[in-house]
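Trainee: predicted coordinates and the sequence they were generated for:
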Amino acid sequence: GEVVSSRGNQTSITEFILLGFSNLLELQILLFIPFLVIYIVTMAGNILITALIVADQHLHSPMYFFLGNLSCLETCYTSTILPRILASLLTGDRTISVIGCILQYYFFGCLAASECYLLAVMSYDRYLAICKPLHYTVLMNGKICLQLAAVSWMSGFMATTIVAGLMSQLQFCGPNEINHFLCDFTPVIKLSCSDTGLIILVTFILCSIFTLPPFLLTLTSYICIISTILRIPSTTGRRKAFSTCSSHLIMVTMYYGTLFIVYMLPDTDTHQDLNKVFSLFYTVLTPLANPLIYSLRNRDVKETLGKVIRKCMMLTEYQKE
């Protein structure tokens, strides 16, 4: 299934084949069902959280403003990956055009990089709330919140635009099978017959600039938060302070943990299948876990949800009468 066009004496590929989970052929329909459920739950959960935060005045605080941004991001993030997986599981068609592949990488990369920044901003917000409570309202006013959110989104898009731009200049003329369920940087670059030295160097520099600082900021914030919490004399005080940031800590650990495993492991054949499994964590399971972790561990979100459900029930009762 490859379309070949000739440029001079060099043939160039216009389609890739995303192998995905093709080694589990007999399980394709079995895999389709959990992925579909995950997609529906992820979308519904994240859209619900965003809607609750917008609708309820009590949730108009910096912490929820950033959580709304994260939920919004997760909705887009899942949509760049899961519909594609679902389509290929259902139809068995695993081809994707080279342009489609670069586009998928572009949106996936932008959103993944923005998430690193948003998680860092959220941990900075928790740091100010717990370690600098008296200055919190001054340091986290509406204007600053908007600026921090805008910077998070823009930095993610800026970095990936450069990489995707360079990627679109590459030529592909050899094998066209990508052993992954999405168009990630390394598997695509490996298939190029152009000189990839420059793009690899640029990507390495951009990754160092755009993922290391937010990671270090997140780490530092949590070191300060935990040491402050440990100094609180009363157990209830400690528990209360920790409960406001524990859900975020779970998310950060899941997201960065699997990201580091995927991108730091040497790229060998045995690791490729492991990579696919770990990639599922930060591409599919983190967006799913986000609404679950935040809503189940958060009193305000639970209360707002309860209020909405009660209102809906009252409305239906009223309509019945």
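Mentor: Alright, I've got the coordinates.
Trainee: what ranges do the strands span in the stretch 151-300 of the chain?
Mentor: Remark: strands assigned in the stretch 151-300 of the chain by DSSP state E, counting those that start in this stretch are 177-178.
Trainee: got any ranges where it has weak pLDDT?
Mentor: Across the stretch 151-300 of the chain, residues meeting the criterion (pLDDT under 70) sit at 266-269, 295-297.
Trainee: where along it do the helices fall?
Mentor: Counting by DSSP state H, counting those that start in this stretch, the stretch 151-300 of the chain has helices at residues 185-190, 197-210, 212-231, 235-264, 269-280, 286-296, 299-320.
Trainee: which strands or helices does the shortest one pack on?
Mentor: In terms of contacts (3 or more CB pairs under 8 Å, 6 or more residues apart in numbering; DSSP states H and E), helix 185-190 is packed against helix 98-131, helix 142-167, helix 197-210. All C-beta atoms are positioned from the backbone trio N, CA, C, and that covers glycine.
Trainee: if we go to 10 Å?
Mentor: For helix 185-190, the elements it packs on are strand 15-18, helix 98-131, helix 142-167, strand 177-178, helix 197-210, helix 235-264, helix 269-280, judged by 3 or more CB pairs under 10 Å, 6 or more residues apart in numbering; DSSP states H and E.
Trainee: quick one, which of the ones you listed is nearest to Ile309?
Mentor: helix 235-264 (21.1 Å; CB to CB).
Trainee: buried residues, that closest one. List them.
Mentor: By neighbour count on 16 or more other CB atoms under 10 Å, the buried set for helix 235-264 is 241-242, 244-245, 247-249, 251-252, 254-256, 258-259, 261-263.
Trainee: report all helices and strands that it contacts.
Mentor: Under the contact definition 3+ CB pairs under 10 Å, 6+ apart, helix 235-264 sits against helix 62-91, helix 98-131, helix 185-190, helix 212-231, helix 269-280, helix 286-296, helix 299-320.
Trainee: rewinding a little: save the helices and strands packed on helix 185-190 as a markdown table, and put in distance to Thr316 too.
Mentor: Shown next, in a markdown table, are the helices and strands packed on helix 185-190 (distance: least, CB to CB, whole Å):
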| stretch | distance to Thr316 |
| --- | --- |
| strand 15-18 | 45 |
| helix 98-131 | 36 |
| helix 142-167 | 36 |
| strand 177-178 | 49 |
| helix 197-210 | 48 |
| helix 235-264 | 32 |
| helix 269-280 | 38 |
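Trainee: burial measure for Phe215, as a count.
Mentor: Neighbour count of Phe215, defined by other CB atoms under 10 Å: 18.
Trainee: sorry, that was for Tyr294
Mentor: Neighbour count of Tyr294, defined by other CB under 10 Å: 22.
Trainee: neighbouring contacts of stretch 17-32?
Mentor: With contact meaning CB atoms under 10 Å, 6 or more residues apart in numbering, stretch 17-32 is reached by 1-2, 35, 84-96, 101, 104, 175-183, 187, 272-273, 276, 280.
Trainee: what's the first-to-last distance across that stretch?
Mentor: Using CA to CA, to the nearest Å, one end of stretch 17-32 lies 19 Å from the other.
Trainee: re earlier: now a ChimeraX select for only the buried ones of the contacts of stretch 17-32.
Mentor: Here is the ChimeraX selection string for the buried members of these, based on 16+ other CB under 10 Å:
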select :35,84,85,86,88,89,94,95,96,101,104,176,178,179,180,181,182,183,187,276,280
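Trainee: spatially central residue for the chain, please.
Mentor: When CA atoms, centre = their mean is applied to the chain, the residue found nearest the centroid is Ala112 (4.7 Å).
Trainee: could you verify my assumption that that residue touches Thr283?
Mentor: Yes. Applying CB atoms under 10 Å, one finds Ala112 in contact with Thr283, separated by 8.3 Å.
Trainee: Asp56: what's it in contact with?
Mentor: Neighbouring residues of Asp56 by CB under 10 Å, 6+ apart: 64, 300-301, 303-305, 307-308.
Trainee: returning to what we had before: list the contacts of the residue nearest to the centre of the chain.
Mentor: By CB under 10 Å, 6+ apart, the contact list for Ala112 reads 73, 77, 80, 156, 160, 184, 210-211, 255, 259, 282-283, 286.
Trainee: returning to that earlier point: distance to Ile53 and neighbour count added to the contacts of Asp56, as JSON lines?
Mentor: Formatted as JSON lines, the contacts of Asp56 follow (distance: CB to CB, whole Å; neighbours: other CB atoms under 10 Å):
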{"residue": "Tyr64", "distance to Ile53": "5", "neighbour count": "22"}
{"residue": "Asp300", "distance to Ile53": "10", "neighbour count": "17"}
{"residue": "Val301", "distance to Ile53": "8", "neighbour count": "22"}
{"residue": "Glu303", "distance to Ile53": "13", "neighbour count": "13"}
{"residue": "Thr304", "distance to Ile53": "8", "neighbour count": "21"}
{"residue": "Leu305", "distance to Ile53": "11", "neighbour count": "16"}
{"residue": "Lys307", "distance to Ile53": "13", "neighbour count": "14"}
{"residue": "Val308", "distance to Ile53": "12", "neighbour count": "15"}
